[in-house]
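Asks: just the structure for this:
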Amino acid sequence: MKVDYNVEADNKSVKSIAHVLKSEFTSPKQKYNEILKDPNNIMKINGQKVLKASNGSELHQYIEDLYQPYFTNSGFEKFFVASAFSYTLHSKEIQIKVDNISIKKNKNYKDDYDFVVNVKYRKTGDSEKNYKVKGLATIPENGKIENITYVDDGGLLKKIKKNT
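Replies: Down below sits the predicted model:
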């Protein structure tokens, strides 16, 4: 995986963005799949099996260990609830890997970075397809992400949901 950046600001912010993007767009996740398979991590709510994700659960701890160091406290909570593993949640038959990440300082807002992630996607038995995911990361303090937004994923999430 290659990370290109055109940033005059600190490298720590670029490394934080790159880590989160690489983690988000890499699947399958072995540890995540182990958590999914462990019956101790499943509970029943209204007759439905649900993965335990509350604070203190094994899944929450895994996501916290993977991402918390790269986010502000409020940024991590927003990310955990809104988008953590959105693209790799259904990772049983899906392979996603990052080919390249490009990160550039936003010209209009000092705390913002624009990014493009080139992703290779393949469902077991199908041919590999390339997608570009464009987005924006806001970093108000050195190396700590407050918000990360995927602006355009070229239909990747729709394709993943269709294939699961």
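
Asks: surely residue 148 is in a strand?
Replies: Yes. Applying DSSP: H, G, I helix; E, B strand; the rest coil, one finds residue 148 inside a strand.

Asks: leaving out sequence neighbours, find the closest residue to the residue nearest the centre of the chain.
Replies: Nearest residue to the geometric centre of the chain (CA atoms, centre = their mean): residue 24, 2.4 Å. Leaving aside its chain neighbours, residue 24 sits nearest to residue 87 (5.9 Å; criterion: CB to CB, 6 or more residues apart in numbering). Quick note: C-beta positions are derived from backbone N, CA and C, even for glycine.

Asks: so who does the one you found touch?
Replies: 24, 25, 27, 96, 153, 156, 157, 160 (CB atoms under 8 Å, 6 or more residues apart in numbering).

Asks: need the next SSE after the helix of greatest length in the chain, C-terminal direction.
Replies: As assigned by DSSP state H, the longest helix anywhere in the chain is helix 11-24. For helix 11-24, the following helix or strand on the C-terminal side (DSSP states H and E) is helix 30-37.

Asks: chain center to that next one, what's the gap?
Replies: 16 Å (CA atoms, centre = their mean, to the nearest Å).

Asks: same for the longest helix of the chain, what does it pack against?
Replies: Secondary-structure packing of helix 11-24 (3 or more CB pairs under 8 Å, 6 or more residues apart in numbering; DSSP states H and E): strand 2-6, helix 58-67, strand 94-105, strand 112-123.

Asks: any idea of the angle the third one forms with strand 112-123?
Replies: The reference is to strand 94-105. Orientation of strand 94-105 against strand 112-123 (axes from the mean of the first three to the mean of the last three CA atoms, to 10 degrees) gives an angle of 160 degrees.
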